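S.K.: take this sequence and fold it.
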Amino acid sequence: MAETERTLTSWRQEAACHHVDTGVFFPLSDDEAGPARAVCATCPVRKECLEFALATRQGDGVWGGLTESERRRLRRRRQEGGRRTAA
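M.R.: Residues are numbered from 1 along each chain as shown. From the prediction side, this is the model:
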């Protein structure tokens, strides 16, 4: 495994979800994401998880406490903020 890949994922061992059934993190709708959000709320590496999901454009599931649609909105806000800063 490349050093950058190892660095990008080393946080996973500390994640609150490390031993939780992954099915919890793939709800059928945002309304059903509560159990996953509860785990994420206690996670010491929530920020790293979210940034990984954003950087790798994870399309499904709850990552860092955000659903797919919430991550999409966050990416859009960040892009708009970057454009405003550059202008």
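
S.K.: where do the helices sit along the protein?
M.R.: 3-9, 34-41, 46-55, 68-86 (DSSP state H).

S.K.: which one of those helices lies nearest to His19?
M.R.: helix 34-41 (10.4 Å; Cβ to Cβ). For glycine as for every other residue, the C-beta is placed from the backbone atoms N, C-alpha and C.

S.K.: list the buried residues in that closest one.
M.R.: By neighbour count on 16 or more other Cβ atoms under 10 Å, the buried set for helix 34-41 is 36-37, 39-40.

S.K.: now the angle between helix 46-55 and that helix, please.
M.R.: Angle, helix 34-41 to helix 46-55, by axes from the mean of the first three to the mean of the last three Cα atoms, to 10 degrees: 120 degrees.

S.K.: before we move on, the earlier item: need the helices of the chain in JSON lines (columns: mean pLDDT and distance to Leu28).
M.R.: Shown next, in JSON lines, are the helices of the chain (pLDDT from 0 to 100; distance: least, Cβ to Cβ, whole Å):
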{"stretch": "helix 3-9", "mean pLDDT": "57", "distance to Leu28": "27"}
{"stretch": "helix 34-41", "mean pLDDT": "98", "distance to Leu28": "12"}
{"stretch": "helix 46-55", "mean pLDDT": "95", "distance to Leu28": "19"}
{"stretch": "helix 68-86", "mean pLDDT": "86", "distance to Leu28": "12"}
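
S.K.: out of those, deepest packed?
M.R.: helix 46-55 (a mean of 17; mean count of other Cβ atoms under 10 Å).

S.K.: so which elements touch that one?
M.R.: In terms of contacts (3 or more Cβ pairs under 8 Å, 6 or more residues apart in numbering; DSSP states H and E), helix 46-55 is packed against helix 3-9, helix 68-86.

S.K.: one more time with 10 Å, if that's ok
M.R.: Other elements packing on helix 46-55 under the criterion 3 or more Cβ pairs under 10 Å, 6 or more residues apart in numbering; DSSP states H and E are helix 3-9, helix 34-41, helix 68-86.

S.K.: thank you, goodbye.
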